[in-house]
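A.B. asks: pasting the sequence and the predicted model now:
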Amino acid sequence: MAAQTRRVPLRKCTGCQEMKNKKEMMRILKTPEGEIVLDTTGRRNGRGAYICCSMECFEKAVRNKGLERSLKERVPEETYEDLKKEIESIEKR
């Protein structure tokens with residue numbers, strides 16, 4: 001009996017457009033109430049978009065409107081500022 005290999009879930013970054021391991025990325029979520037937040041657990045209900053944990057990918061996603069396309073909604077500037085602060089704090093670790 002052969003051992004089964006587990007499939008690693010892959011997601012596409014909205015910034016660099018590369019497929020990467022889901023656990024290496026951050027999930028930005030549009031909740032059913034229409035709020036856009038950072039989903040640190042990866043388990044909350046809603047439509048998700050993934051982005052690498054780098055400022056470079058975040059800036060690309062903002063420039064090419066990748067997050068807006070993935071979430072199917074316009075993202076307010078305040079939300080971008082909050083996400084930028086979160087990514088900066090993650091990069092410092």
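C.D. replies: Nice, I can see it.
A.B. asks: I figured residue 52 hits residue 20, correct?
C.D. replies: Yes - taking CB atoms under 8 Å as the definition, residue 52 is a contact partner of residue 20 at 6.7 Å. The C-beta positions use only the backbone N, C-alpha and C, and glycine is treated the same way.
A.B. asks: shared neighbours, these two?
C.D. replies: Each of residue 13 lies in contact with both residue 52 and residue 20 under the rule CB atoms under 8 Å, 6 or more residues apart in numbering.
A.B. asks: can you give me the helices in this protein?
C.D. replies: Along the chain, the stretches classed as helices by DSSP state H are 55-63, 66-71, 77-92.
A.B. asks: could I get the ones you listed as JSON lines with distance to residue 11 and mean neighbour count?
C.D. replies: What follows is these, written out as JSON lines (distance: least, CB to CB, whole Å; neighbours: other CB atoms under 10 Å):
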{"stretch": "helix 55-63", "distance to residue 11": "12", "mean neighbour count": "18"}
{"stretch": "helix 66-71", "distance to residue 11": "10", "mean neighbour count": "18"}
{"stretch": "helix 77-92", "distance to residue 11": "17", "mean neighbour count": "13"}
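A.B. asks: any idea which of the ones you listed has the lowest pLDDT on average?
C.D. replies: For the helices of the chain, mean pLDDT drops lowest on helix 77-92, to a mean of 87.
A.B. asks: relative orientation of that helix and helix 55-63 in degrees?
C.D. replies: Put simply, helix 77-92 runs at 170 degrees to helix 55-63, going by axes from the mean of the first three to the mean of the last three CA atoms, to 10 degrees.
A.B. asks: could you name the helices and strands sitting against helix 77-92?
C.D. replies: Counting contacts by 3 or more CB pairs under 8 Å, 6 or more residues apart in numbering; DSSP states H and E, helix 77-92 is packed against strand 25-30, strand 36-39, helix 55-63.
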